[in-house]
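[1] I would like to see how this sequence folds:
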Amino acid sequence: GMGSPNVTKCVIMLEECALDYELRHVAVFKQEQFTPAFLALNPLGKVPVLEDPLLGQPLAESGAILHWLAEREGRFFPPNTPGTQPQRAEVMQWLMVQMANVGPM
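    Predicted coordinates:
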């Protein structure tokens, strides 16, 4: 990652979930996101990327990372059980609002 808003919101989520993590800086202004090693993690060459052993593969895009961590930890996202679809849809709505309107700031 780096100090971008998209990386920062993932770090905040990791902290909120009290998960251990290692932040590896990617010098995007020096084009490090286009190295073969990084492109193996995210072929789009963008940060953030989460490497979670429980997932078994790299996960890119901050919204996908936030969604994964929320479901993994059972926090911030209603469980997928009968009757929770309206609440789950509302959480996804606000996640998408944030992704499209707040995150890029």
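
[2] next up, the contacts around residue 58.
    Applying CB atoms under 8 Å, 6 or more residues apart in numbering to residue 58 gives the contacts 41-42, 49-51. All C-beta spots, glycine's among them, are computed from the backbone N, C-alpha and C.

[3] wait, which of these is closest to residue 11?
    residue 50 (10.6 Å; CB to CB).

[4] just confirm the closest one is within a strand.
    Yes. Under DSSP: H, G, I helix; E, B strand; the rest coil, residue 50 falls within a strand.

[5] what's the pLDDT at it?
    Residue 50 is assigned a predicted lDDT (pLDDT) of 98.

[6] cool, and residue 100?
    86.

[7] ok, now residue 105?
    61.

[8] for residue 11, give its distance to residue 93.
    24 Å (CB to CB, to the nearest Å).
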